[in-house]
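Visitor: Next come a sequence and a model predicted from it.
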Amino acid sequence: MILLSIRKWFVDHDFVEGVILLPDNLFYNTTAAGIIILLNRHKLPQRQGKIVLVNASQEFKKGRPKNYIPDESIRKIAQTFIKGQDIERFVKVITNEEAAKNDYNMSPSRYVDTSEKEDYRPIAKVLEELRELEGEAKKIDADLAKVFAQMGFK
């Protein structure tokens, strides 16, 4: 309850400029993802009433023993945060009202889905392709049988 009231106070006073979700396993003593909360009492007029959420959880390279964020990914994160515009699967700009409707939850993973989209094809189309492939397989089998017959194999 205390965390909710703290989040509420910061959002209601329009001090949250953005939240950046970092990848898992960056820091010692924890494998959990890191998070950066950017606070600003003097937001630019175009940013007032808005919160920029960056889901940078996929921006890492495997390291031993810890993962790390490459320089080009750091630049990408910074530039997209500064730009402050929606980018599918990376950045979502929400309003303070939207945060309030979601119990002041400002976790980027709630608003930015990084999963690959599933590609569903109609079953009729899949069956048609299978029939075509079966026809091609029969033709190839017949051609192979002719080659083997010419070589003396039956």
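Guide: Good, I have the coordinates.

Visitor: quick one: the helices in the protein?
Guide: Using DSSP state H, the helices of the chain run over residues 2-12, 71-83, 96-101, 108-111, 123-150.

Visitor: Show residues contacting the fourth one.
Guide: Same thing as helix 108-111. V19, I20, L21, L53, V54, N55, S57, K92, I94, N102 (C-beta atoms under 8 Å, 6 or more residues apart in numbering). For every residue, glycine as well, the C-beta is placed using N, CA and C.

Visitor: For the chain, which residue occupies the most central location?
Guide: Nearest to the geometric centre of the chain sits T114, at 1.8 Å (C-alpha atoms, centre = their mean).

Visitor: just to revisit the earlier point, and the helices of the chain as CSV, adding mean pLDDT?
Guide: Formatted as CSV, the helices of the chain follow (pLDDT from 0 to 100):
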stretch, mean pLDDT
helix 2-12, 89
helix 71-83, 96
helix 96-101, 96
helix 108-111, 93
helix 123-150, 91
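
Visitor: So which of those helices is the most surrounded?
Guide: helix 108-111 (a mean of 18; mean count of other C-beta atoms under 10 Å).

Visitor: CSV for the helices of the chain, including distance to A33?
Guide: Shown next, in CSV, are the helices of the chain (distance: least, C-beta to C-beta, whole Å):
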stretch, distance to A33
helix 2-12, 17
helix 71-83, 14
helix 96-101, 19
helix 108-111, 8
helix 123-150, 38
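
Visitor: can you list the domain ranges for the chain.
Guide: 2-111, 120-154 (automatic domain parsing).

Visitor: State the pLDDT value of V54.
Guide: What the model reports as pLDDT for V54 is 97.

Visitor: What is the burial count for the closest residue to it other than its chain neighbours?
Guide: Leaving aside its chain neighbours, V54 sits nearest to I20 (4.5 Å; criterion: C-beta to C-beta, 6 or more residues apart in numbering). Neighbour count of I20, defined by other C-beta atoms under 10 Å: 22.

Visitor: Same check on Y104?
Guide: 19.
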